[in-house]
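Engineer: next input, structure requested:
(one chain, ligands or ions: 1)
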Amino acid sequence: MKDGILESMKRGTVLGDGGYLIELERRGHVDSGSGREKVGTGKGSGQFTPEVAIENPDALRELHREFLNAGSEVLQALTFFGTREKLNRAGYGSQTEAINAAAVRIAREVAGDAALVAGSVSRTQLFEREGASARDHVRDLFDEQIRLLRDAGVDCLILETFFHLEEMLVAIDCARAIGLPIIATMSFRPTIASCSDGHSPAECAKAMAGAGADAVGANCEQEPSRMLTILREMREAVSVPIAAQPAAFRTRDDIQCFTRLPEFPDGLETIQVARSAFEDFGRMAAAEGVRFLGGCCGCNAAYIRAAARGLANAKTADL
Ligand SMILES: [Zn+2]
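Structural biologist: A predicted model of the protein is given here:
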């Protein structure tokens, strides 16, 4: 895949990947933290951090290979929750540089010339813990991680799983200073009507695009069918490409985000959606304006392969 992400999104829907931390937790290489604390509040400490990149690189390498074989055109380096703040709370702060560099190196090894490598940047959790007064500290943390990702040689950045628009805008600002293409996806909890600081999907899309994101959308918390409502609202609001990285867990009308369901994190197997949900989503993606299609929690290579089939079937139907 020689073109950059922006050129590729102009030509059609680009297939990503996603769901690394949950999949590696299932395989025994990532700590969910559920044995020590209530997970899913956003205020946690050690759970779901990416130290597997230095502690068990072979496990991470293998999962990248599975996604590449399934058809992913963009591999996400496992740098999610890789700010020094979050890693500090997990006891890995002093290895922030090593974890970010190793994650990018491993993704690049597997991607070769066949896929692009994206650096993943997520929220610090400081807006949840301390409120907007943490803004300057948050900016320093994003500045540091995004520079580490640039130095490690990522092709683009995916800013994802932000619950507060204000924190996302800080991250976009730091990313813009680096000059790499930016895909920015907000997460909506507890309902799909607004993010944690009260902005609708349309408002989020406009603000992210206005701040300089090259593609905007949603990730995590909802399965494809429920996320579609968010994506349509965003598509109406902006002219930049739409990005979608849905979760593979079934939500409910009364609880519209999987991390607030009692099944998170230790009963997730019981709310897994069928991979056919991703095939259906792939089939409708282009018509819905989705130009970047990845996955999030619960997704694995089988889901990406299904999405690839859906994208291919949609193209055939167009001929
Ligand atoms: Zn997720």
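Engineer: is the helix or strand containing Ala314 up against the ion anywhere?
Structural biologist: If you go by DSSP states H and E, Ala314 is part of helix 301-318. No - contact of helix 301-318 with the ion (C-beta under 5 Å from the ion) is absent, the minimum separation being 12.5 Å. All C-beta spots, glycine's among them, are computed from the backbone N, C-alpha and C.
Engineer: what about stretch 267-284, start to end distance?
Structural biologist: Taking C-alpha to C-alpha, to the nearest Å, stretch 267-284 runs 30 Å from one end to the other.
Engineer: swap that for stretch 21-35, sorry
Structural biologist: 17 Å.
Engineer: how about residues contacting it?
Structural biologist: Outside stretch 21-35, the residues that touch it by C-beta atoms under 8 Å, 6 or more residues apart in numbering are 39, 44-50, 52, 55-56, 59-60, 63, 78, 80-81, 90, 265-266, 268, 297-300.
Engineer: now with 7 Å, please.
Structural biologist: 39, 44, 46-48, 52, 56, 59, 63, 80, 265-266, 297-298, 300 (C-beta atoms under 7 Å, 6 or more residues apart in numbering).
Engineer: that one near the ion anywhere?
Structural biologist: No - Stretch 21-35 does not reach the ion (C-beta under 5 Å from the ion); its nearest approach is 7.0 Å.
Engineer: can you give the distance of that stretch from its chain's centre?
Structural biologist: Centroid displacement of stretch 21-35 relative to its chain, using C-alpha atoms, centre = their mean, to the nearest Å, is 17 Å.
Engineer: residues of the stretch 101-250 of the chain that sit close to the ion?
Structural biologist: Within reach of the ion by C-beta under 5 Å from the ion, the stretch 101-250 of the chain has these residues: Cys220.
Engineer: which single residue of the stretch 101-250 of the chain ends up nearest the ion?
Structural biologist: Cys220 (3.2 Å; C-beta to the ion).
Engineer: what about that residue, distance to Gly294?
Structural biologist: Cys220 sits at a distance of 11 Å from Gly294 (criterion: C-beta to C-beta, to the nearest Å).
Engineer: quickly list what's touching both of the two.
Structural biologist: Joint contacts of Cys220 and Gly294 (C-beta under 7 Å, 6+ apart) are Gln245.
Engineer: what about the spatially most central residue of the chain, is that helix, strand or coil?
Structural biologist: By C-alpha atoms, centre = their mean, the chain has its centre lying nearest to Glu160, at 4.4 Å. What DSSP: H, G, I helix; E, B strand; the rest coil gives for Glu160 is strand.
Engineer: ok, it - contacts?
Structural biologist: Glu160 neighbours (C-beta under 7 Å, 6+ apart): 120, 122, 185, 219, 245.
Engineer: in contact with Ile106, which residues?
Structural biologist: 53, 57, 60-61, 64.
Engineer: which SSE is it in?
Structural biologist: Counting by DSSP H and E, Ile106 is part of helix 96-111.
Engineer: how about that helix: buried residues?
Structural biologist: 96, 99-104, 106-108, 110-111 (16 or more other C-beta atoms under 10 Å).
Engineer: can I get those in a markdown table with pLDDT?
Structural biologist: Listed next are the buried residues of helix 96-111 as a markdown table, based on pLDDT from 0 to 100:
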| residue | pLDDT |
| --- | --- |
| Thr96 | 98 |
| Ile99 | 98 |
| Asn100 | 98 |
| Ala101 | 98 |
| Ala102 | 98 |
| Ala103 | 98 |
| Val104 | 98 |
| Ile106 | 98 |
| Ala107 | 98 |
| Arg108 | 98 |
| Val110 | 98 |
| Ala111 | 98 |
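Engineer: quick one: which of these is nearest Glu144?
Structural biologist: Thr96 (7.5 Å; C-beta to C-beta).
Engineer: does the closest one really touch Arg84, like I thought?
Structural biologist: Yes - Thr96 lies in contact with Arg84 (C-beta atoms under 7 Å); the separation is 4.4 Å.
Engineer: now the helices for the protein?
Structural biologist: 5-11, 20-26, 52-55, 57-70, 84-89, 96-111, 126-130, 135-152, 165-178, 201-211, 224-237, 276-285, 301-318 (DSSP state H).
Engineer: what about the second one, distance to the chain center?
Structural biologist: Spelled out, it's helix 20-26. Counting by C-alpha atoms, centre = their mean, helix 20-26 comes out at 13 Å from the chain centroid.
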